[in-house]
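>>> Task: produce atomic coordinates for the following.
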Amino acid sequence: MNRQPRISIALLLAFGLLLGLEGCTYYQPAPGVYAPLPSTFERSWSAAVGALEDEGVRIVNLDRDAGRASGSRGDIGVTATVRTQADSSMRVEFSTSGNTAADPTLIDRITQRYNMRMGR
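Below is the predicted model:
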């Protein structure tokens with residue numbers, strides 16, 4: 001018997017499979033590497049709400065669409081407002097009302113916490 005045709009067919013099949021696999025290379029991104037970055041608003045909003053919570057403010061109203069979070073710490077009312085400006089930058093404001101004399105540095109501490117959360 002002639003064994004050469006069997007070897008030739010086997011080589012052709014192997015070569016064909018090799019070419020076929022080479023044309024189907026698919027690279028997946030590494031898991032967890034390509035996470036989308038939060039928007040500027042999301043980052044500022046999260047930092048503002050987190051700053052209130054860091055200083056013990058009991059949040060009673062969260063209106064993300066309006067960019068407004070409010071609550072209280074003791075007799076002091078606290079509000080955080082996050083707005084996108086015309087140039088796409090963010091404006092974040094904190095305000096207090098009520099018996100602010102009970103904790104006159106509260107707003108300063110909240111502002112510091114916000115800046116720390118924003119990496120400043």
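>>> Show me where the chain has its helices.
Counting by DSSP state H, the segments of the chain that form helices are 4-22, 40-54, 106-117.
>>> So the closest residue to Leu62 other than its chain neighbours versus Gly50, what's the distance?
Closest residue in space to Leu62, ignoring its immediate chain neighbours: Ala69 at 5.2 Å, by C-beta to C-beta, 6 or more residues apart in numbering. C-beta: built from backbone N, CA, C; applies to glycine. According to C-beta to C-beta, to the nearest Å, Ala69 stands 10 Å off from Gly50.
>>> out of these two, which sits in the busier spot?
Ala69 (24 against 16; other C-beta atoms under 10 Å).
>>> residue contacts, that one?
Ala48, Val49, Leu52, Ile59, Asn61, Leu62, Asp63, Thr79, Ala80 (C-beta atoms under 8 Å, 6 or more residues apart in numbering).
>>> how about the residues you listed in CSV, adding neighbour count, distance to Pro104 and pLDDT?
Output for the contacts of Ala69, formatted as CSV (neighbours: other C-beta atoms under 10 Å; distance: C-beta to C-beta, whole Å; pLDDT from 0 to 100):
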residue, neighbour count, distance to Pro104, pLDDT
Ala48, 25, 21, 97
Val49, 20, 23, 97
Leu52, 23, 17, 97
Ile59, 14, 21, 97
Asn61, 10, 24, 96
Leu62, 14, 26, 96
Asp63, 10, 27, 96
Thr79, 17, 17, 98
Ala80, 26, 18, 98
